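*Asks:* What follows is a predicted structure for the sequence shown.
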Amino acid sequence: MTENEVAKIVVDAAYQIHVKMGPGLLESAYEMVLDHELRKRGLRVERQVAVSVIYDDLVVNDAFRADLIVEDLVIVEIKSVEQIHPVHPKQLLTYLRLTGKRLGLLINFNTRLIREGITRVANGLPD
(Lines give C-alpha, C1' and ligand atoms only; values in the text may rest on other atoms or scores of the structure.)
Protein backbone atom coordinates (compact mmCIF):
# COMPACT_ATOMS: atom_id res chain seq x y z
CA MET A 1 0.00 0.00 0.00
CA THR A 2 1.33 3.47 -0.90
CA GLU A 3 1.23 6.65 1.13
CA ASN A 4 -1.46 8.05 -1.17
CA GLU A 5 -3.64 4.95 -0.79
CA VAL A 6 -3.36 5.16 2.99
CA ALA A 7 -4.12 8.89 2.91
CA LYS A 8 -7.26 8.31 0.85
CA ILE A 9 -8.57 5.87 3.49
CA VAL A 10 -7.68 8.26 6.32
CA VAL A 11 -9.47 11.17 4.61
CA ASP A 12 -12.57 9.04 4.02
CA ALA A 13 -12.58 7.90 7.65
CA ALA A 14 -12.20 11.51 8.85
CA TYR A 15 -15.12 12.51 6.65
CA GLN A 16 -17.33 9.75 8.08
CA ILE A 17 -16.39 10.72 11.63
CA HIS A 18 -17.06 14.40 11.00
CA VAL A 19 -20.47 13.61 9.51
CA LYS A 20 -21.45 11.43 12.48
CA MET A 21 -19.91 13.43 15.33
CA GLY A 22 -19.58 16.98 14.05
CA PRO A 23 -17.09 19.63 15.17
CA GLY A 24 -16.28 20.82 18.68
CA LEU A 25 -14.98 17.76 20.54
CA LEU A 26 -11.54 17.44 22.11
CA GLU A 27 -8.66 16.36 19.89
CA SER A 28 -8.23 13.25 22.02
CA ALA A 29 -11.79 12.14 21.20
CA TYR A 30 -11.21 12.46 17.45
CA GLU A 31 -7.88 10.69 17.80
CA MET A 32 -9.46 7.70 19.54
CA VAL A 33 -12.33 7.50 17.08
CA LEU A 34 -10.08 7.85 14.02
CA ASP A 35 -7.79 5.15 15.41
CA HIS A 36 -10.82 2.90 15.89
CA GLU A 37 -12.21 3.62 12.42
CA LEU A 38 -8.89 2.95 10.68
CA ARG A 39 -8.41 -0.32 12.55
CA LYS A 40 -11.94 -1.37 11.50
CA ARG A 41 -10.78 -0.80 7.93
CA GLY A 42 -7.86 -3.15 8.45
CA LEU A 43 -5.07 -0.62 8.80
CA ARG A 44 -2.24 -0.81 11.30
CA VAL A 45 -2.26 2.28 13.50
CA GLU A 46 0.01 3.51 16.27
CA ARG A 47 -1.20 6.25 18.64
CA GLN A 48 0.83 8.86 20.51
CA VAL A 49 4.13 7.58 19.15
CA ALA A 50 7.06 9.03 21.10
CA VAL A 51 9.81 9.95 18.68
CA SER A 52 13.40 10.56 19.68
CA VAL A 53 15.81 12.58 17.57
CA ILE A 54 19.56 12.91 17.42
CA TYR A 55 21.27 16.28 17.35
CA ASP A 56 25.03 15.99 16.90
CA ASP A 57 25.81 13.23 19.41
CA LEU A 58 22.89 14.09 21.70
CA VAL A 59 19.83 11.85 21.80
CA VAL A 60 16.69 13.83 22.60
CA ASN A 61 14.14 11.34 23.90
CA ASP A 62 10.48 12.10 23.28
CA ALA A 63 11.26 15.10 21.08
CA PHE A 64 7.64 14.93 19.91
CA ARG A 65 4.65 12.62 19.87
CA ALA A 66 2.93 11.77 16.61
CA ASP A 67 -0.83 11.56 17.12
CA LEU A 68 -1.20 8.65 14.67
CA ILE A 69 1.16 6.80 12.36
CA VAL A 70 -0.78 4.72 9.87
CA GLU A 71 0.78 1.68 8.17
CA ASP A 72 4.19 3.09 9.16
CA LEU A 73 3.77 5.42 6.17
CA VAL A 74 1.58 8.42 7.02
CA ILE A 75 1.72 10.69 10.05
CA VAL A 76 -1.68 12.09 11.03
CA GLU A 77 -1.80 15.14 13.27
CA ILE A 78 -5.22 15.91 14.69
CA LYS A 79 -6.48 19.34 15.69
CA SER A 80 -9.77 20.70 16.95
CA VAL A 81 -9.07 24.41 16.79
CA GLU A 82 -10.76 27.51 15.45
CA GLN A 83 -8.09 27.88 12.78
CA ILE A 84 -4.90 26.23 11.64
CA HIS A 85 -1.91 28.51 12.12
CA PRO A 86 0.96 28.62 9.62
CA VAL A 87 3.23 26.83 12.09
CA HIS A 88 1.05 23.69 12.19
CA PRO A 89 1.92 22.39 8.68
CA LYS A 90 5.55 23.36 9.30
CA GLN A 91 5.58 21.29 12.50
CA LEU A 92 4.20 18.32 10.58
CA LEU A 93 6.88 18.77 7.91
CA THR A 94 9.50 18.72 10.68
CA TYR A 95 7.99 15.47 11.99
CA LEU A 96 8.16 13.96 8.50
CA ARG A 97 11.77 14.98 8.02
CA LEU A 98 12.86 13.66 11.43
CA THR A 99 11.12 10.30 10.91
CA GLY A 100 11.98 9.88 7.24
CA LYS A 101 8.29 9.67 6.32
CA ARG A 102 7.06 11.19 3.07
CA LEU A 103 3.43 12.10 3.77
CA GLY A 104 1.48 13.67 6.59
CA LEU A 105 -2.10 14.77 7.05
CA LEU A 106 -3.07 17.63 9.32
CA ILE A 107 -6.76 17.21 10.11
CA ASN A 108 -8.71 19.93 11.91
CA PHE A 109 -12.08 18.54 12.94
CA ASN A 110 -13.36 21.92 14.15
CA THR A 111 -14.57 23.05 10.73
CA ARG A 112 -17.95 23.38 9.05
CA LEU A 113 -16.86 21.00 6.27
CA ILE A 114 -14.07 18.50 6.91
CA ARG A 115 -12.49 19.13 3.51
CA GLU A 116 -11.75 22.66 4.75
CA GLY A 117 -9.81 21.15 7.64
CA ILE A 118 -7.49 18.74 5.84
CA THR A 119 -3.97 19.79 4.89
CA ARG A 120 -1.67 17.40 3.04
CA VAL A 121 2.04 17.84 3.77
CA ALA A 122 4.61 16.04 1.62
CA ASN A 123 8.30 15.44 2.23
CA GLY A 124 9.92 14.30 -1.00
CA LEU A 125 6.89 12.31 -2.14
CA PRO A 126 6.69 12.28 -5.97
CA ASP A 127 3.51 13.78 -7.43
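*Replies:* Here it is on my side, so go on.
*Asks:* tell me, which helix in the chain spans the most residues?
*Replies:* When the chain is parsed with DSSP state H, its longest helix is helix 3-21.
*Asks:* and the helix or strand just after it, what's its mean pLDDT?
*Replies:* Downstream of helix 3-21, the first helix or strand assigned by DSSP states H and E is helix 27-40. The average pLDDT for helix 27-40 rounds to 98.
*Asks:* how much space is there between the residue nearest to the spatial centre of the chain and N61?
*Replies:* Most central in the chain under CA atoms, centre = their mean is V76, positioned 0.9 Å from the mean C-alpha point. Separation of V76 from N61 (CB to CB, to the nearest Å) stands at 22 Å. For the C-beta atoms, the positions are set from N, CA and C on the backbone; glycine is no exception.
*Asks:* swap in E37?
*Replies:* To N61, E37 is 31 Å away according to CB to CB.
*Asks:* Counting neighbours, go ahead and name the busier of these two.
*Replies:* Taking other CB atoms under 10 Å, E37 and N61 do not tie; E37 has more neighbours (19 against 8).
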